[in-house]
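Chemist: Dropping the sequence and predicted coords here.
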Amino acid sequence: MFGEDRERAETEVKLTAFSPHAAIWKVRIMALATIADFVSALQSLPLLSADQKDQLPALLQQYPDVKSLGEELIRLGWLTSFQGNRLANGKSHELVLGQYVIIDRLGEGGTGQVFKAWHSGFARLVALKLLRPELVADSETVSRFYREINVTGQLPAHPNLIAAFDSGQFGTAHFLAMEYVEGTDLEHLVKRIGPLAIEQACEFTRQAALGLQHAHQHGLVHRDIKPSNMIVSGGSDAEPGTVKLLDLGLARLHGDNHPRENTFMTSDGSVTLGTVDYQAPEQALDFHRADIRSDIYSLGCTVFFLLTGKPPFGGGSLAVKLMRHQEAEPPDLKEFRPDVPDELIPVVAKMLAKNPADRYQTPDEVVAALSSPKRPEPRRRRRPRLLVVAAVGAILLLPLFILARPSAPSPDPDPIEVKPVEKPKPRPPAPDSVEATVPEAREYQLVYDLNLARLAKDIVYDEDRHTRITKPFDRIAYFIELRRAESEVQYLYVSMAAFTTDLKKIGVPTVSSGASFQMNVANMSVVSNVSGIVTGTGITGGNIEFWPNNYGPVNARNVPNADPSKHDFGDQMTPPQDGHGCMQVHNHNAKQTLFAVNNWRSGNKAEIGIGNNPKGHPDWTFTGTASNYRIKRLRVLVRCN
């Protein structure tokens, strides 16, 4: 109905049902709900704020049908495409389950579908998993599920495990509410960027082992370790991000109540006892034999995938894969990845040992091996016996030789081979770091990191490192990311010659920061994926407007190309000092706003944008756009001399 659906107009599309019974229905790209039903659902369901509901009648005058109104609400960020399509197809009842408001569909796995949801009682985002009905088809399995979830829910918090918050039942569907993490799973990450840097792959594996050790100490075994069950989030220019394990405790749901032929993942999507590509040999033979050492084997398959882009025994039929796990030796890592250090080879080999007794016995041992792998001792060359005898004979004859011949310079000792010291390789960029998108940023240090959803009168940064930077700096950079509900992340990076020596004044220009700038900036570099933005290096015509004041359109500084009839890049700060607030970077030669963060004191009604605003003032003033974006993040960096 909206977004991609619009491109498939008048085409029948199969949609996986949201209902617990996972039925399949067909819809045409035309509204099944009337405009009255559509608006009624919006008014009655907790999808919009009270203020947004008050604005619906006016919007209805401009957009009188379901299609146009729905698309406008999605454009404004009031609804996601997922919500808009459910409403338009008369499925509004599927968007509210108890206290959970469904925001979006995140994915589907062997145990069920996962949705991004808002818990109205706890006022927090969760990942809501609805379990497949066939997994909980009898009372014994249901009881086991709730026992395991109860144990999982009582686990002390750990940074490498996804926390479970809630579980229960909606009709015939059983659900699990988990911690929501904004990130990407390692399977998708590798498919997107290719095999990971060695240090990064080892670090992600080490963190996963830390999470497994925590579960092991509390009597839990995961049984379904694989890259798609490992989420990486966060990260910075200096850190690789945090890995969290998903689905702890759910793997036990597979098995006992299903025929053996349905207990492995097949091409038609049948249920699995874990995933065959990453499953330990003993687990395939008897699910109940799986213990923490089975998880270590699966983790070994995972690190092999992170380093090579393929599991060690991938390819071939299901039977072939099972046979290889039981009998075949793992492929030589060096064949796929020649740069793998020699000391890592035995670590992975031990994780992939066929016999559990030959593997690392606890995840802690894996952590130790990956944290400080032991380098193999250099082999000592054994000299041939004949050479030793000859050397002894030469020593015995040496005095006679000296008496018979004039003295000569003593021979040089055997040259000692000195291997050049290899320079340490630079740390690979974290997937979420600025330098992963903009290579120039590798030379910069992070000063501030701010989730713009936390804008307020007083700014509290998610990360504030300004006190740690003691060296002078010659350049300042800004990296802003914005994403609407169903679109790709838009980003813009701009660096410039330093316009101040005070790090407190380069962040959001609140009153307490002391920032107050309306000035030109030199030698800009711009990188962006937003259409129309002028990118490149050595850009002239840079201009910044950073102040906490109110402002007006008077071009008192005579900025070239400024338009006095509208807010753009020639504004002037005016009283009061603690006013509307302006943080804007411009390219006045191109008549272009690069990015704007204004009116931060208004929080979710702040004015945020990249490029020129297509409607109204180019610098985004008076737009209240902050609520349009599901992701909104600003990072500030400097390059030290």
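Modeler: Arrived safely.
Chemist: Am I right that residue 518 sits in a strand?
Modeler: Yes: assignment of residue 518 by DSSP: H, G, I helix; E, B strand; the rest coil places it within a strand.
Chemist: Quick one: the strands in the stretch 301-450 of the chain, in order.
Modeler: Taking DSSP state E, counting those that start in this stretch as the criterion, the stretch 301-450 of the chain contains strands spanning 445-451.
Chemist: so where's it uncertain?
Modeler: Applying pLDDT under 70 to the stretch 301-450 of the chain flags the ranges 372-431.
Chemist: I figured residue 577 was touching residue 548, is that so?
Modeler: Yes: if you go by Cβ atoms under 8 Å, residue 577 and residue 548 touch, sitting 6.0 Å apart. In this view, the C-beta of every residue, glycine as well, is placed from N, C-alpha and C.
Chemist: Looking at those two now, which is surrounded by more residues?
Modeler: The neighbour count for residue 577 versus residue 548, taken as other Cβ atoms under 10 Å, is higher for residue 548 (25 against 12).
Chemist: State the number of residues packed around the residue nearest to the more buried one when sequence neighbours are not counted.
Modeler: Nearest non-adjacent residue to residue 548, counting by Cβ to Cβ, 6 or more residues apart in numbering: residue 511, 4.7 Å away. Burial measure for residue 511: 17 neighbouring residues, criterion other Cβ under 10 Å.
Chemist: Spit out the contact partners of residue 511.
Modeler: By Cβ atoms under 8 Å, 6 or more residues apart in numbering, the contact set of residue 511 is 548, 577, 578.
Chemist: mind putting these in TSV, pLDDT, secondary structure and distance to residue 454 included?
Modeler: Below are these laid out as TSV (pLDDT from 0 to 100; DSSP: H, G, I helix; E, B strand; the rest coil; distance: Cβ to Cβ, whole Å):
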residue	pLDDT	secondary structure	distance to residue 454
548	94	coil	17
577	86	coil	23
578	88	coil	19
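Chemist: Next, the buried residues of the host helix or strand of residue 538.
Modeler: Using DSSP states H and E, residue 538 maps to strand 536-539. Residues residue 539 are the ones in strand 536-539 that count as buried (16 or more other Cβ atoms under 10 Å).
Chemist: Stretch 526-538 now?
Modeler: Buried, per 16+ other Cβ under 10 Å, within stretch 526-538: 526, 527, 528, 533, 534.
Chemist: Closest one of these to residue 277?
Modeler: residue 527 (37.2 Å; Cβ to Cβ).
Chemist: Quickly list what that closest one is bridged to.
Modeler: Here residue 527 sits in beta bridges with residue 493, going by DSSP bridges.
Chemist: any idea how far residue 619 is from it?
Modeler: Per Cβ to Cβ, to the nearest Å, residue 527 is found 21 Å from residue 619.
Chemist: Give me the three-state assignment for the residue nearest to residue 548.
Modeler: Under three-state DSSP, residue 511 comes out as coil.
Chemist: what about the strands in the stretch 451-600 of the chain?
Modeler: Using DSSP E, counting those that start in this stretch, strands in the stretch 451-600 of the chain cover 463-464, 473-483, 490-497, 517-521, 524-528, 536-539, 542-547, 550-552, 572-574, 582-587, 592-598.
Chemist: which stretch among those comes nearest residue 83?
Modeler: Closest to residue 83 of the strands of the stretch 451-600 of the chain is strand 473-483 (Cβ to Cβ; 16.3 Å).
Chemist: could the buried residues of stretch 526-538 go into JSON lines alongside pLDDT and distance to residue 439?
Modeler: Converted to JSON lines, those look like this (pLDDT from 0 to 100; distance: Cβ to Cβ, whole Å):
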{"residue": "526", "pLDDT": "95", "distance to residue 439": "14"}
{"residue": "527", "pLDDT": "94", "distance to residue 439": "9"}
{"residue": "528", "pLDDT": "94", "distance to residue 439": "15"}
{"residue": "533", "pLDDT": "93", "distance to residue 439": "18"}
{"residue": "534", "pLDDT": "92", "distance to residue 439": "19"}
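Chemist: Could I get those in CSV, plus columns for distance to residue 103?
Modeler: As requested, the buried residues of stretch 526-538 are arranged in CSV below (distance: Cβ to Cβ, whole Å):
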residue, distance to residue 103
526, 33
527, 31
528, 28
533, 29
534, 35
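Chemist: Between these, which sits nearest residue 131?
Modeler: residue 528 (42.3 Å).
Chemist: Report the central residue of the chain.
Modeler: Central residue of the chain (Cα atoms, centre = their mean): residue 183, 2.7 Å from the mean position.
Chemist: ok, now which ones touch that one?
Modeler: Here residue 183 is in contact with 231, 232, 233, 234, 241, 244, 432 (Cβ under 8 Å, 6+ apart).
Chemist: Could you spell out the sheet neighbours of the host helix or strand of the second one, each with its direction?
Modeler: Spelled out, it's residue 232. Taking DSSP H and E as the definition, one finds residue 232 inside strand 230-233. Applying DSSP bridges, strand 230-233 is found paired with strand 183-185 (antiparallel), strand 242-245 (antiparallel).
Chemist: Mind checking what helix or strand follows the first one in sequence?
Modeler: Heading C-terminal from strand 183-185, the first helix or strand you meet, by DSSP H and E, is helix 186-193.
Chemist: Just the C-alpha atoms of that next one, please, in PDB.
Modeler: Output of helix 186-193 as PDB, limited to C-alpha atoms (Å, rounded to 0.1, in the frame of the first residue of the first chain):
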ATOM      1  CA  LEU A 186      26.600 -10.700  12.300                       C
ATOM      2  CA  GLU A 187      25.200 -12.800   9.500                       C
ATOM      3  CA  HIS A 188      23.800  -9.700   7.800                       C
ATOM      4  CA  LEU A 189      26.900  -7.700   8.600                       C
ATOM      5  CA  VAL A 190      29.200 -10.200   6.900                       C
ATOM      6  CA  LYS A 191      26.900 -10.500   3.900                       C
ATOM      7  CA  ARG A 192      26.900  -6.700   3.600                       C
ATOM      8  CA  ILE A 193      30.600  -5.900   4.000                       C
END
